[in-house]
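Novice: Just to be clear, the model below is a prediction. Sequence and coordinates:
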Amino acid sequence: VSSHWMLKILIEDVNDNRPKFPTDEITMSVPENTPINARYAVEQSAVDPDLGPHGVQTYWLVNDFGMFTLDVEENEGGELTPFLIVTEALDRETQAEYITDIIAEDGGTPPLLGTFLKVQVLDENDNAPVFQQSLVEISVEENNPPNTFLTQLQASDQDSESRGEVLYLLGGDAPGIFVVDRVTGILTVATSLDREEKETYRLIVRAVDQGTPRREAIATVVVTVQDPQQQKITFSSLCYWNCVQTCRKSYF
């Protein structure tokens, strides 16, 4: 007589796997001036082959710099996705990059595994150019040779790439008489000036960046034409003394 029994063996899961990120470094890009509490999914989340409490339970940041926090959402399949939340205003000109560790924690012992998280702050055109001087006064003698150098205007913009690239444009009451180099900001007078025709010119120079929307700054240049023949003669002293010997004529 023989008997047959069906034996079912259940293999219980133990925590023999640690959470693993698909890459050693995760890079995220967040625009500066992004709204507070804006959320950005960490797409490359960790994977743990273990099930239930032995799988990934939560995520956290080693250093949040006081600028970020993590929130974890669970989908219908039980998978967890970490979201980076911006808690303070980001300014790329103050700090362009944050590097920390993101930790995936499972229910086992040891429960931790980390990977580098690099948060790059993307630049926006939030700065306008700034002139070193907003008012420049220049004197030039009349009958000057054409293309005479007058001055070099300088403006800077803290934004990066094209958003910080400044071009110079000239306006004012003397079209065709003065020229500004769009790239260098060098201002020259293209023609010979005559003081009797006009003594003072008022120019407007715009420094325009190449961001979207474009931002600009304005400087005023006042050019005074001088007549070299009308320069005053000045003396170093108010009184001068000299001796002159007189000649006597003799008669014989």
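Specialist: Nice, I can see it. Numbers count the residues shown, from 1 in each chain.

Novice: so where do the strands sit in the stretch 1-150 of the chain?
Specialist: For the stretch 1-150 of the chain, the strands defined by DSSP state E, counting those that start in this stretch occupy 25-31, 39-41, 56-61, 68-74, 80-86, 97-106, 112-122, 130-131, 135-141, 148-152.

Novice: Can you say which of those is nearest to residue 194?
Specialist: strand 135-141 (11.0 Å; C-beta to C-beta). For glycine as for every other residue, the C-beta is placed from the backbone atoms N, C-alpha and C.

Novice: hmm, back to that, pipe the strands of the stretch 1-150 of the chain into TSV and attach distance to residue 199 and mean neighbour count per row.
Specialist: Shown next, in TSV, are these (distance: least, C-beta to C-beta, whole Å; neighbours: other C-beta atoms under 10 Å):
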stretch	distance to residue 199	mean neighbour count
strand 25-31	51	15
strand 39-41	61	13
strand 56-61	67	19
strand 68-74	61	14
strand 80-86	57	19
strand 97-106	55	18
strand 112-122	51	18
strand 130-131	25	18
strand 135-141	11	13
strand 148-152	16	15
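
Novice: With respect to residue 196, which of these lies nearest?
Specialist: strand 135-141 (13.2 Å).

Novice: roughly how far out does that closest one sit from the chain middle?
Specialist: 32 Å (C-alpha atoms, centre = their mean, to the nearest Å).

Novice: Next: stretch 57-64.
Specialist: Worked out by C-alpha atoms, centre = their mean, stretch 57-64 lies 30 Å from the chain centre.

Novice: re the thing from before, tell me which of the strands of the stretch 1-150 of the chain lies nearest to residue 225.
Specialist: strand 135-141 (6.2 Å).

Novice: which helices and strands does that closest one pack with?
Specialist: strand 148-152, strand 216-226 (3 or more C-beta pairs under 8 Å, 6 or more residues apart in numbering; DSSP states H and E).

Novice: what residue ranges in this protein score low on pLDDT?
Specialist: 1-5, 7, 9-17, 51-52, 110-111, 229-252 (pLDDT under 70).
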